[in-house]
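Participant: For reference, the sequence and a predicted model appear below.
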Amino acid sequence: MIPLISYRDNTCDPRKCTIKRLERYGLVRIVPTFRQVPKGTLLLDPTAGVVISPADRIWIRSITALDCSWEVLEREELSQFRGRRALPFLVAANPVNFGKPFVLSSVEALAAALIILGERNQAELILSKVPFGIRFLEVNAEPLAEYAAAVDSAGVLAVQAEYL
């Protein structure tokens, strides 16, 4: 299993927060300051210039989700992380953003990354902790399978182009 981490700035309702739910189950470690995010992590960053791919699996020691507002991201220096990766096209299944492309909850983002990296069982485990988890897998079954079968980022981007 890949260790899961989340930088969380407490801007969302903790009763609805998928990261807080994962923390209660012991499936993610929350770090309260950006300095506590490990440097060698794969940082899920929607502004990254490189898309995640199965080729990333060989170097990652953990995956970090950014569970914070965009204003925080604009203030932080994300370029210090060499392992910044964006997710390819996927559709949200969470109740707030259902059907919207690229607007995933943190648990959906972590699960997508895990599946692309070949850790489907871990992805299913974390998705089982939210009511919409199975729906996320159903909605994105085909692209997730194709992304996970790609060799590298170029392959993931080629698959993504079929969906855009």
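Facilitator: Done, it's in.
Participant: and the host helix or strand of Tyr147, which residues are buried?
Facilitator: Using DSSP states H and E, Tyr147 sits in helix 141-149. Within helix 141-149, the residues that qualify as buried are 143-144, 146-148, counting by 16 or more other Cβ atoms under 10 Å. Every residue, glycine included, has its C-beta placed from N, CA and C.
Participant: Pipe these into CSV and attach distance to Arg84 and pLDDT per row.
Facilitator: Compiled in CSV, these are given as follows (distance: Cβ to Cβ, whole Å; pLDDT from 0 to 100):
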residue, distance to Arg84, pLDDT
Pro143, 21, 97
Leu144, 21, 97
Glu146, 23, 97
Tyr147, 18, 97
Ala148, 20, 97
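Participant: Next secondary structure after the worst-scoring helix or strand of the chain on mean pLDDT?
Facilitator: Every helix and strand in the chain was compared by mean pLDDT, DSSP states H and E; the lowest is helix 70-75, with a mean of 55. Once helix 70-75 ends, the next helix or strand along the chain (criterion: DSSP H and E) is strand 84-85.
Participant: I'd like the mean pLDDT over that following strand, please.
Facilitator: Strand 84-85 carries an average pLDDT of 90.
Participant: and Leu43, helix, strand or coil?
Facilitator: In three-state terms, and counting by DSSP: H, G, I helix; E, B strand; the rest coil, Leu43 is strand.
Participant: Could you tell me the per-residue confidence at it?
Facilitator: Predicted confidence (pLDDT) for Leu43: 91.
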